[in-house]
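Undergrad: model the following, please.
(2 chains)
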Amino acid sequence: SQKIEQNSEALNIQEGKTATLTCNYTNYSPAYLQWYRQDPGRGPVFLLLIRENEKEKRKERLKVTFDTTLKQSLFHITASQPADSATYLCALGAQGTGFQKLVFGTGTRLLVSP
Amino acid sequence: KAGVTQTPRYLIKTRGQQVTLSCSPISGHRSVSWYQQTPGQGLQFLFEYFSETQRNKGNFPGRFSGRQFSNSRSEMNVSTLELGDSALYLCASSTSGLATDTQYFGPGTRLTVL
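TA: From the prediction side, this is the model:
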């Protein structure tokens, strides 16, 4: 069956360091992958989208890689700040549907300490 | 632009009852998707509507239904509530629901079934 795995344990890092979050998937051939941020009591907020033919995407302090051979995406936050503390979700989109039908991972909680 | 709004924000029901949740998308957005979020299962896709038509459906029982109105507002209904339906229900809107459109999530409706 299709499976998306994100580290369920919280990731604790110090301010200024680079946070790296992992999204692994099996039995799935996504055409694209999205990363979202979710704060407690709020809906997810879209951060980045990367297509299957793109290796890397950047936006300010954020960087996403997408390795379809390893079936893995890495999400990096450089120069992390306490305000980056949140849960980060990856979501995979199927090829050929044309419409939004995202499959989400369960998310990884990031805690950035001062 | 006002964001996606969902009402009510919190709801307590008992088993066997039914419930209707409402979602108002961002002005100009014609696609509305619904998700269920639980600690164990994460975010799971329920269905997607575009121009009053359901285009995509997740793997949920028929007790879960929805509709979209001509002004793009959407409602979802859950009949014969079960304890396991306790969750955060999120709706998300996008301009046309294409696979690479950015989805904007509302704050969610927290449903508790007793």
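
Undergrad: what sits against the residue in chain A that chain B sits nearest to?
TA: Nearest residue of chain A to chain B, counting by C-beta to the nearest C-beta: A:Gly43, 3.1 Å away. All C-beta spots, glycine's among them, are computed from the backbone N, C-alpha and C. Shown in contact with A:Gly43 (C-beta atoms under 8 Å, 6 or more residues apart in numbering or on different chains): B:Val4, B:Leu90, B:Ala92, B:Phe105, B:Gly106, B:Pro107, B:Gly108.

Undergrad: one more: A:Leu102?
TA: Applying C-beta under 8 Å, 6+ apart, the residues near A:Leu102 are A:Gln34, A:Ala91, A:Leu92, A:Gly93, B:Phe45, B:Gln103.

Undergrad: need those in JSON lines with pLDDT, can you?
TA: Formatted as JSON lines, the contacts of A:Leu102 follow (pLDDT from 0 to 100):
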{"residue": "A:Gln34", "pLDDT": "93"}
{"residue": "A:Ala91", "pLDDT": "92"}
{"residue": "A:Leu92", "pLDDT": "89"}
{"residue": "A:Gly93", "pLDDT": "81"}
{"residue": "B:Phe45", "pLDDT": "91"}
{"residue": "B:Gln103", "pLDDT": "90"}
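
Undergrad: return a PyMOL selection command for the buried portion of those.
TA: Of the contacts of A:Leu102, the buried ones go into a single PyMOL selection, burial set by 16 or more other C-beta atoms under 10 Å in any protein chain shown:
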select buried, (chain A and resi 34+91+92+93) or (chain B and resi 45+103)
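
Undergrad: restricted to strands, list the contacts of A:Leu102.
TA: Residues of those located in strands (DSSP state E): A:Gln34, A:Ala91, A:Leu92, A:Gly93, B:Phe45.

Undergrad: and the third one, how close does it get to A:Lys59?
TA: The span separating A:Leu92 from A:Lys59 equals 19 Å under the rule C-beta to C-beta, to the nearest Å.

Undergrad: again with the second one
TA: Remark: distance between A:Ala91 and A:Lys59 (C-beta to C-beta) = 16 Å.

Undergrad: next: the last one.
TA: In this structure, B:Phe45 lies at 25 Å from A:Lys59, with C-beta to C-beta as the measure.

Undergrad: what does the first one give?
TA: With distances taken as C-beta to C-beta, A:Gln34 is found 12 Å from A:Lys59.

Undergrad: which neighbours do these two share?
TA: A:Leu47, A:Leu48.

Undergrad: what strands line up against the helix or strand bottoming out on mean pLDDT in chain A, and which way round?
TA: Ranking every helix and strand in chain A by mean pLDDT, DSSP states H and E puts strand A:102-104 at the bottom, with a mean of 86. Strand pairing for strand A:102-104, using DSSP bridges, gives strand A:86-93 (antiparallel).

Undergrad: how far off centre is the strand it pairs with?
TA: 5 Å (C-alpha atoms, centre = their mean, to the nearest Å).

Undergrad: identify all contacting residues around that strand.
TA: Residues outside strand A:86-93 that contact it (C-beta under 8 Å, 6+ apart): A:4, A:6, A:21, A:23, A:25, A:28, A:30-39, A:44, A:47, A:73, A:75, A:100-110, B:42-43, B:99-100.
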